[in-house]
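S.K.: here are the coordinates; sequence isn't available:
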């Protein structure tokens, strides 16, 4: 199924649509694969892959060469308010068909993916929180939050998931910290700087570096999760509870 026309209908540019169409049809292609499959100039392929990554539409496998896959196409389409309702419904239904076909294919066995930028990081966290059942813990180097993100956290807590955050009690972050506390997140103060991590249900790890460009490395590995969780618990015991 060629989805280029539908992707254009919901707000993506011609080149973006061609790139996303390849990602709907080919399992984790490289930038070279995409350039060879489409008429998009190679320099534009790299530029637009970086943009789509930062927007949280795709994510990257940090191999050599890098490979790419769709992260959350539906969310990006739904957030586009510059299309008519009728046009949206027609295009979105056809794109969903392509996504369903994609999900039925054999998924990549790769366990490591990369997102770049805060928006992409939050999109990936929100997608992960949809399936969190027991625990989400974070060694917080930068405090991030939005009304939409708080809803994902609240729903996970309602399902019975426990949230624990360790991070700096900075003046700039007081509003975000207060909101998380109101939701039921337990938070303690710890001087985390320029790097941090999150662990979801003891299975998936997000490791990030926030000095300069925010880069997140996503790893599905319970052994790494266990090591980092032990590091978190030891520091949690020494940390002071935050009250705002």
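M.R.: Sure, I can see it. Everything numeric in this text was worked out from a predicted model, so none of it was measured.
S.K.: Please make it C-alpha for all contacts and neighbour counts, starting now.
M.R.: Fine.
S.K.: for stretch 154-174, which positions count as buried?
M.R.: By neighbour count on 16 or more other CA atoms under 10 Å, the buried set for stretch 154-174 is 154, 156-157, 161-169, 174.
S.K.: Give me the residues contacting it.
M.R.: Residues from elsewhere that reach stretch 154-174 (CA atoms under 8 Å, 6 or more residues apart in numbering): 129-130, 132-143, 183-192, 236, 239, 242, 244.
S.K.: Now tell me which helix or strand of this structure has the poorest mean pLDDT.
M.R.: Lowest on mean pLDDT, DSSP states H and E among the helices and strands of the chain sits helix 85-104, with a mean of 61.
S.K.: Give the other helices and strands that whichever helix or strand comes after it contacts.
M.R.: Using DSSP states H and E, the helix or strand that directly follows helix 85-104 along the chain is strand 112-116. Judged by 3 or more CA pairs under 8 Å, 6 or more residues apart in numbering; DSSP states H and E, the packing partners of strand 112-116 are helix 42-54, strand 58-61, strand 215-220.
S.K.: Next, the angle from strand 112-116 to helix 42-54.
M.R.: Counting by axes from the mean of the first three to the mean of the last three CA atoms, to 10 degrees, strand 112-116 lies at 90 degrees to helix 42-54.
S.K.: Helices of this structure, start to end?
M.R.: Here the chain has its helices, by DSSP state H, at 4-9, 14-25, 31-37, 42-54, 73-78, 85-104, 118-129, 147-158, 174-183, 222-238.
S.K.: Which among the ones you listed is found nearest to residue 213?
M.R.: Nearest to residue 213 among those is helix 118-129 (9.1 Å), distances taken as CA to CA.
S.K.: Quick check: closest non-adjacent residue to residue 209.
M.R.: residue 195 (4.4 Å; CA to CA, 6 or more residues apart in numbering).
S.K.: wouldn't the one you found be in contact with residue 211 here?
M.R.: Yes: with contact defined as CA atoms under 8 Å, residue 195 reaches residue 211; the gap is 7.5 Å.
S.K.: more neighbours, those two?
M.R.: Neighbours were counted for residue 195 and for residue 211 using other CA atoms under 10 Å; residue 195 has more, 17 against 11.
S.K.: who touches the more buried one in this structure?
M.R.: 140, 141, 207, 208, 209, 210, 211.
S.K.: Just the buried ones from those residues, in PyMOL syntax?
M.R.: Under the burial definition 16+ other CA under 10 Å, those of these that qualify are selected in PyMOL by:
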select buried, resi 140+141+207+208+209+210
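S.K.: Pipe the contacts of residue 195 into a markdown table and attach distance to residue 49 per row.
M.R.: Shown next, in a markdown table, are these (distance: CA to CA, whole Å):
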| residue | distance to residue 49 |
| --- | --- |
| 140 | 28 |
| 141 | 26 |
| 207 | 21 |
| 208 | 20 |
| 209 | 20 |
| 210 | 21 |
| 211 | 22 |
